[in-house]
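Colleague: got a predicted structure here, sequence first:
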Amino acid sequence: MKSYNSSIVTKQGLKQLIENILAHKYRLLAPKKSGEQLSFETILRAEEVVLNQLLRTMTTLSPKEVFFPRTEPVLRYTGQEMHDVEPPTPETVLFGIRPCDARGLELLDKVFTWDYNDKFYLKRREATTIVTFACSDQASVDEHCFCLGVGGDPTASSGSDLLLSTNGDDAFLLEVITEKGERLLNSCKEGVELQASDKRAADQLEAIKDRFVRKQDLTEVRHKMPEYFDSDQLVQETYRCLGCGICAMSCPTCHCFDIVDEPKAGTLGEGARVKNWDACSFALFTKHAGGHNPRELQCQRCRQRYFHKLAYYPQKFSEESLCVGCGRCSRSCPVGLDIYQAVTHVLGKGRA
C-alpha cells in the first residue's frame, strides 16, 4: 500500500500528538495498563498511554469490540411499534493496534458487507481513524506470533491510516497511509516537530522476522484440510477443548453473534432486540430447537473453528485466511490448545 509521506517524530513529539488529539475532542482509544495487562480503553490524559509497554506487549483482547461490541441493541419495541436504533459514532482515534489487528479489520469488512451492510459496524468504521504500531521492536514478537505463516507482515500498513514504527531509542517513523490519516495528522500536528524521512518500516522486516519461531506457511492448507475432516489426528489435537470460548472472545476476526429479544424489567411489551457475541465452540451454538445437535462433541466444535479460519473463509471471500496469526488464542487457552500447532501437526509438518 502506498504511503503519502513519512516523517521522524520523537517520543516527546508523539506524546504531544496524543495531547492534541485529545484537545481536538476526538474519542481516543488506546492500550491502557490494567494490572499486568493492556486493554483498549478510553484515554483521558496523554500519560495514560504507556508507550514503552505498548511497543512490547500485545493487548489481551483485540480491538474488534470498538466496531463490533459484545452486546448492543439493534432495535427497540414498545407494544406493536418498533424503533430503529442509531449506533453512537463519535469521531474516534484507535491508537496503538498491531498490523495483525489492522488486517483483521479488513477481513471483518468483507463479512459485514457480504449480503447485508451492517450499519452499526460500518458507521463506526467510517468514524474511526486507525493508528497502528508496527512490530518493529524486537520484544514485540513472541513464541505465539505467526502472522508470517498466514500471509501477514509484522510491519505491514494494510488496514492502517497512520503507521508508527520504532526508529532508535527515542524516535518513531510515522507514515501516512490514507487520506483519513493525513487529515488527522494535519489537524493535530501543531507543536509536533516532524522531520522528513524517505525510510520505510518495511526495511525492518528482515531483522524482525528472525524473531519468529513459527514461520511455516499455512496459506495453502485450505486445499488439504477437507482430507482431515474426520481425522483421528484432529480429534486428538482438539479433544482437550473446554468450550469456554476465550479463543473467540480474544480473536480479532471471530464474528459470530446471536440476536435475542430482551424485555424491559417491570414493563409489558417493551424491550430491545439485542445482538450478542457468540462462538462456534459453545455447546448451544448449533443445538436445534428439537434437541438435536449436529456438532455433538466438543472436538467437533473446535474443528469447526479451525476450518472456518483456514478453509471456509478463504473459499467464500478471498484467498486470505481468516486467522491473522496474532497468537491471542494460544496465549489465553486454559488447556494449551493452539491452532498453529494443531494444523501443522495434523498436516504432517511437525510441531514448531
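Modeller: Looks like it arrived, so ask away.

Colleague: count the neighbours of the closest residue to Asn293 other than its chain neighbours for me.
Modeller: Excluding its sequence neighbours, the residue lying closest to Asn293 (Cβ to Cβ, 6 or more residues apart in numbering) is Lys287, at 4.5 Å. Where C-beta positions appear, they are placed from N, C-alpha and C, glycine not excepted. By other Cβ atoms under 10 Å, 14 other residues sit near Lys287.

Colleague: please apply the same query to the one 5 residues further on.
Modeller: Burial of His292, expressed as a neighbour count using other Cβ under 10 Å, amounts to 9.

Colleague: for it, give its distance to Leu51.
Modeller: 53 Å (Cβ to Cβ, to the nearest Å).

Colleague: got the confidence number for the residue nearest to Asn293?
Modeller: Lys287 carries a pLDDT value of 93.

Colleague: that one contacts Cys280, correct?
Modeller: No - Lys287 is beyond contact range of Cys280, at 12.0 Å (criterion: Cβ atoms under 8 Å).

Colleague: surely Ser197 touches Ile8?
Modeller: Yes - with contact defined as Cβ under 8 Å, Ser197 and Ile8 form a contacting pair (4.9 Å).

Colleague: torsion angles phi and psi at the residue most central in space within the chain?
Modeller: Against the mean C-alpha coordinate of the chain, by Cα atoms, centre = their mean, the closest residue is Pro252 at 2.7 Å. When read as degrees, to the nearest 10, the backbone of Pro252 gives phi -80, psi -10.

Colleague: so it makes contact with Thr60?
Modeller: No - counting by Cβ under 8 Å, Pro252 sits too far from Thr60 to count as a contact (11.9 Å).

Colleague: which residues do these two both contact?
Modeller: Overlap of the contact sets of Pro252 and Thr60 (by Cβ atoms under 8 Å, 6 or more residues apart in numbering) consists of Arg328.

Colleague: make sure the residue nearest to Asn293 is indeed in a strand.
Modeller: No - in this structure, Lys287 is coil, not part of a strand, as judged by DSSP: H, G, I helix; E, B strand; the rest coil.

Colleague: which residues are in contact with the residue in the chain sticking out farthest from the centre?
Modeller: Outermost residue of the chain with respect to the C-alpha centroid, by Cα atoms, centre = their mean, is Leu268; its distance is 39.6 Å. Counting by Cβ under 8 Å, 6+ apart, Leu268 touches no other residue.

Colleague: SS state for Leu234?
Modeller: With three-state DSSP as the basis, Leu234 sits in helix.
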